[in-house]
Every structure is written in structure tokens, then in C-alpha cells.
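Undergrad: Curious how this folds, go ahead:
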Amino acid sequence: MDQVKKSGVFPWLLIMIIPLFLVTCSEDKSMDPSLGETIDSVPELIPTSPSTPVTLEQYTIKKGDTLFDVLMKAGVTPANINCLKESCRSLYNLAALSVGRVLEYHHQNGIITHFRYAPDDEHILIIDPTDQGYSCRFEEIPYDICQATYHGVIQTTLWDAALNAGIDPGTLTQIAGIYDWEIDCNTEFRKGDEFYVLVEEKHCQGSLHHRGQVLAANIILSGQEHPAIFFIADSGHQSFYDLEGRCLRKNFLKAPLQYSRISSSYSAHRFHPILKIVRPHFGIDYAAPSGTPVRAVADATVTFAGWKSGYGRYIKLKHGSTPYSTGYGHLKGYAKGIKTGARVKQGDVIGYVGATGLATGPHLDYRVYYHDKPVNPNSIKTEPVRQLEATELDQFRPLAHDALARFNIEIAALNELDNAGSALKECNPMDH
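TA: Reported below is the predicted structural model:
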């Protein structure tokens, strides 16, 4: 099955037309401040659109680009650009072009005859010439929504495996976020571990335009499966659940940093890089750029925020009525409001990665204490924040079954091909 390739071509056969705006340039005496001429001669500026198809030029907006810069370099006259801009001012401000978005246009003798611009992923601005001016309208982009399956095998890092499988960084961020309470994506992947992902995709004219919601995933660590199924309850609550209907969201995050690089894992015997002696290291060092936000792993009260010898700037949190507390060392600084006695919620930023105290470079020293005794951070016993009710489970199980069936099909295909990893295999249309 062929991999679907990304395309920058916008579909112009569109479903819904939002109210049409028509502006007559001959009535517009406005002048762009950068220009020395006034718009007033419509017949000379705007030819009617030719009946024969034309090839549209494409330009991707870069930082600092303006409509005038782009179109003047293409050979469009300043007066016509100003007319185009003023014609749709009441509908959309063409001065607000977004970096990365694409302009499509055609001009004849310095006059725009076709103009298309998509300011977002759902709508397209269409400007066409008329006998009296330019007409402007928004239309919705009609997508074919389908489901695509991806598979990857860890050889070096999760990042590399995802990119090799054809997964974009945005979807990878989604995946890491799904497992925020289940798997520390910084530390727990090893060579040979695998993942499967079922994701919603939007296609135009048979080509991938962009990916949306991850619908299901299964991460296999050292042979142990960690399935996650997206489910929206009748109440509107939406989250990811395991096969037993337990929410993947728990009372403790697995890591204080969002997905990033790791420098050393938990050990009971460690050579200290500065003191040059062997000493226990009851924690995890997360190497990350200076200034990276540090999160509270659970709801807590700040019991200490200040300088603590070799830890440098340090924060300690007590997590409610649980026997756990956590420590965060070598911080560059503290988030606003962080002081002894302050209350924080899970995921709140409490400080920023630094290299204060005895540190050879910017990193976070993260520690977990059980009844004030240091323990392996991976030993925290967590509880799901929600369990599906019986009626919800009846709706959930078919979704989980379908997702696992898709993954099993992928596994069978891989076994047949004896392949170590795969990109997109198929994109099945969804009912919508």
C-alpha cells in the first residue's frame, strides 16, 4: 500500500460558501501609504477572469513578507495590489498574512486574475475579478476524513523512530502527551521497543493535507503493551483509556519535564562528576536546555523554595495526603508565586531548568521521597482519575476492538514482509 504524500495544493471544489462581498475599486480612492498612486481606473486595472484554465503560481509566506512585497516581486502593479487589498478589507485583512501559509495567484500584464489564500486549515479566501471590481468570499475546504495506521521501531530515539515511520512532530507531541501519566518518554524506551498509532487525517484530492486527533495508540516496552483508546463519553468528557476502561490520566505525572532528552537514569551507585567520588543518586537527571519549564508532577504544597547547597536553587513539594514528596534541583529560577506554603496543581510550571549548585551543565535533578526517604521515581503508585461506567464501557469496547484489529492487521503485514518498521499503510475513509 502506498504512502500518502503531503501536498500543498488547495482544493478549489468547495462545499459551503460564506456570504459574498463585492467591492468596486473605481469607488475606492484609498492609497497605500507606501505608494504614490491612487486607485480609480477599474477597467485598466482588472481584466475579467479568462474562461480557460490557468496555472496558479504558489508562494509560501516567510517571516517579514507582506502582500505588496510578494506580488510586486512577481510583477503585479502596485495599484492593482492596493485594489486587491482594499476590495476584501471588510472580509479579511490581507496585511495579516501568516508565516507558512500559501498564496496561489495568477496575473496577466501585472493584473491579478486569480487569487487564493487559506488563512487556516478549514477555509480558503477566494478573490476573483468582475467587470466592476473584485469579488471576495470564504469557502470551506472539503476534506475526506480517514484513519491511518503507523508503526515504528526504536533504533536510537523515539523521535527518530517516529520520523522514520512518517509521523510529524505535532502528532508525536500528541502521543507523548497521551502517555504523560503512563510512560516517561524521556527515559523508558529501549532499542527494539515498538509503537502503533491510529490517527485521523484530512485529505484533499487524494493527498494528505494534515493530521488531526490520535484515535488510538499502543506502545510496547520490553514486550509489555500499553494500549490507549480515545473515547468521548455522553457527558462530553474525553480522554484516553486502557482496555479495562481506566483513564490514562492519573494523580501523578511520570516526569516533571515534557518529552525531552535524558542524561542519566536512576541508580544506587553513581560517580559524581564534580566531587569525583562515588555517591548514591536517588533520582533522575533530565538534561534539557536552560530555561526549560519544570512541572509539578501532582497537586501539592510547596514546603521549600530556595538555595540548598549542592542542589542550587531547589523546590520541594508535599503531595497532599499521600506519603510522597518530590524535589527539583539545579533550577535557574522559580515560576511566579512559588514560595513556601504556595499550592500548585498537577502540570503547573514551578521553575526552570538551570545549572545552579554542583552541576556541570543545565539539567534537572528530580527526586521522589516516600515518607521522606528517597525512592526510585518509577516506584510511585498512581491512581486513574476516572473509570468508565458500565454503560460507557458498552460504547467503549467496540472502539477498542476496532483499533486493536487495525494494529493486528499492521502486525500481520509486517510479519509477512519481515520489515523492521513501516510508514503509512492505508487510509480508511470515516463516516462523517
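Undergrad: looking at this, Leu404 is in a strand?
TA: No: in this structure, Leu404 is helix, not part of a strand, as judged by DSSP: H, G, I helix; E, B strand; the rest coil.
Undergrad: which stretches of the stretch 51-200 of the chain have low pLDDT?
TA: Along the stretch 51-200 of the chain, the model assigns pLDDT under 70 to residues 51-54.
Undergrad: Swap in 50 and give it another go.
TA: 51 (pLDDT under 50).
Undergrad: What residue spans form the domains of this structure?
TA: 21-140, 144-250+385-429, 267-379 (automatic domain parsing).
Undergrad: Adding distance to Gln258 and mean neighbour count, write these out as a markdown table.
TA: Glycine gets a C-beta too; all of them are placed from N, C-alpha and C. Shown next, in a markdown table, are these (distance: least, CB to CB, whole Å; neighbours: other CB atoms under 10 Å):
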| stretch | distance to Gln258 | mean neighbour count |
| --- | --- | --- |
| domain 21-140 | 23 | 16 |
| domain 144-250+385-429 | 7 | 17 |
| domain 267-379 | 7 | 17 |
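Undergrad: Tabulate the ones you listed in CSV, adding columns for distance to Leu257.
TA: Output for these, formatted as CSV (distance: least, CB to CB, whole Å):
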stretch, distance to Leu257
domain 21-140, 27
domain 144-250+385-429, 7
domain 267-379, 5
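Undergrad: now for these, which one comes closest to Tyr259?
TA: Evaluated over the domains of the chain, closeness to Tyr259 peaks at domain 144-250+385-429, with 4.0 Å, by CB to CB.
Undergrad: Check the offset of that closest one from the chain's centre.
TA: Distance of domain 144-250+385-429 from the chain centroid (CA atoms, centre = their mean, to the nearest Å) equals 15 Å.
Undergrad: can you check stretch 372-390 too?
TA: That offset, for stretch 372-390, works out to 27 Å (CA atoms, centre = their mean).
Undergrad: Use 573 as the first number for this chain going forward.
TA: Will do, 573 is the new start, and the previous item becomes stretch 944-962.
Undergrad: What segments of the stretch 723-872 of the chain are helices?
TA: 730-736, 741-750 (DSSP state H, counting those that start in this stretch).
Undergrad: CSV for those helices, including distance to Ala868?
TA: What follows is the helices of the stretch 723-872 of the chain, written out as CSV (distance: least, CB to CB, whole Å):
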stretch, distance to Ala868
helix 730-736, 24
helix 741-750, 16
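Undergrad: Of all those helices, which one is nearest Leu770?
TA: helix 741-750 (11.0 Å).
Undergrad: which helices and strands does the closest one pack with?
TA: helix 730-736, strand 766-776, strand 779-793 (3 or more CB pairs under 8 Å, 6 or more residues apart in numbering; DSSP states H and E).
Undergrad: Kindly provide the distance from the nearest residue to Glu955 once chain neighbours are set aside to Trp753.
TA: Spatial nearest neighbour of Glu955, chain neighbours left out: Asn823 (5.3 Å); criterion: CB to CB, 6 or more residues apart in numbering. With distances taken as CB to CB, to the nearest Å, Asn823 is found 8 Å from Trp753.
Undergrad: Now the common contact residues for those two.
TA: Thr954 (CB atoms under 8 Å, 6 or more residues apart in numbering).
Undergrad: quick one: contacts for the spatially most central residue of the chain?
TA: Central residue check for the chain by CA atoms, centre = their mean: the C-alpha nearest the mean position is that of Gly742, 3.3 Å away. Residues near Gly742 by CB under 8 Å, 6+ apart: Arg783.
Undergrad: average pLDDT for the helix or strand Ala972 falls within?
TA: Using DSSP states H and E, Ala972 sits in helix 962-989. Helix 962-989 comes out with an average pLDDT of 84.
Undergrad: same check, this time on stretch 818-836
TA: For stretch 818-836, mean pLDDT rounds to 80.
Undergrad: Return that stretch as PDB; C-alpha atoms alone will do.
TA: This file holds the C-alpha atoms of stretch 818-836, laid out as PDB (Å, rounded to 0.1, in the frame of the first residue of the first chain):
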ATOM      1  CA  ARG A 818      -9.300   3.100  33.200                       C
ATOM      2  CA  CYS A 819      -8.400   6.600  32.300                       C
ATOM      3  CA  LEU A 820      -4.700   7.100  31.500                       C
ATOM      4  CA  ARG A 821      -4.700  10.400  33.400                       C
ATOM      5  CA  LYS A 822      -3.500   9.700  36.900                       C
ATOM      6  CA  ASN A 823      -2.800  11.600  40.100                       C
ATOM      7  CA  PHE A 824       1.000  11.700  39.300                       C
ATOM      8  CA  LEU A 825       2.700  12.500  36.000                       C
ATOM      9  CA  LYS A 826       5.600  10.200  35.100                       C
ATOM     10  CA  ALA A 827       8.000  13.000  34.500                       C
ATOM     11  CA  PRO A 828       8.500  16.700  35.500                       C
ATOM     12  CA  LEU A 829       9.600  17.600  32.000                       C
ATOM     13  CA  GLN A 830       7.600  17.200  28.800                       C
ATOM     14  CA  TYR A 831       9.200  15.000  26.300                       C
ATOM     15  CA  SER A 832      12.900  15.900  26.100                       C
ATOM     16  CA  ARG A 833      16.500  14.500  26.300                       C
ATOM     17  CA  ILE A 834      17.700  12.400  29.300                       C
ATOM     18  CA  SER A 835      21.300  12.300  30.600                       C
ATOM     19  CA  SER A 836      21.200   9.600  33.300                       C
END
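Undergrad: If anything else comes up later, I'll come back, but that's it for now.
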